[in-house]
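Colleague: Return atomic coordinates for the entry below.
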Amino acid sequence: MLPAAARLTSSQDFGLVVRRGRRAGRPRLVMHALASPADISAPTSPTRTEPARTRVGFVVSKAVGNSVVRHRVSRRLRHQMAERLGLLPAGTAVVVRALAPAAAATSAELGRDLDAALRRLGLAGGAS
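Modeller: All right, here's what the predicted structure looks like:
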């Protein structure tokens, strides 16, 4: 499961990553990534001095399917990204947007698309 501290939750943060970040498109998803975003709000108190955390957010629109299908795709993507979280550079913000073909994809296919997008963005060699 993706830890709460590793999740993007603010719509401003999503917008910043999508607007300023680099993009890699795959058949079933599009990944936007912003390395070391200083503008993104951190989920820590201002008195703590912790290193920047890698944070991930997901966008699964109604184009993917009904609510059951969208939640299934979201769970699969969250699980796959949780496995790859340690491979990403600290402080990176990532937004994964599912496309309509993600509805019929298996977890393995989504994982391959995530790995390919991460490689294309130069963030990680991909999980095995």
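
Colleague: Residue ranges in the protein under the pLDDT threshold?
Modeller: Applying pLDDT under 70 to the chain flags the ranges 37-51, 125-128.

Colleague: what about 50?
Modeller: Residue ranges of the chain with pLDDT under 50: 45-48, 128.

Colleague: ok, which stretches of it are strands?
Modeller: Assignment of strands within the chain using DSSP state E yields the ranges 22-25, 29-34, 55-59, 93-98.

Colleague: Return the most buried member of the ones you listed.
Modeller: Highest mean neighbour count of the strands of the chain: strand 93-98, a mean of 24 (counted as mean count of other CB atoms under 10 Å). For the C-beta atoms, the positions are set from N, CA and C on the backbone; glycine is no exception.

Colleague: Select, out of the strands of the chain, the one closest to A104.
Modeller: Among those, strand 93-98 comes nearest to A104, with 11.5 Å by CB to CB.

Colleague: and the closest one, which strands flank it?
Modeller: Partners of strand 93-98 in the sheet, by DSSP bridges, are strand 29-34 (antiparallel), strand 55-59 (parallel).

Colleague: okay if I get those as TSV plus distance to R78?
Modeller: As requested, the strands paired with strand 93-98 are exported to TSV (distance: least, CB to CB, whole Å):
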stretch	distance to R78
strand 29-34	13
strand 55-59	7
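
Colleague: Just put the strands of the chain in a markdown table and tack on distance to L87.
Modeller: Converted to a markdown table, the strands of the chain look like this (distance: least, CB to CB, whole Å):
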| stretch | distance to L87 |
| --- | --- |
| strand 22-25 | 15 |
| strand 29-34 | 12 |
| strand 55-59 | 12 |
| strand 93-98 | 11 |
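
Colleague: one step back: nearest to L77, of the strands paired with strand 93-98?
Modeller: Among those, strand 55-59 sits nearest to L77 (CB to CB), with 5.5 Å.

Colleague: ok, and what's touching that closest one?
Modeller: Contact with strand 55-59 is made by 2, 5-9, 13-14, 17, 40, 74, 77-78, 81, 85, 92-98, as judged by CB atoms under 8 Å, 6 or more residues apart in numbering.

Colleague: Alright, calling it a day.
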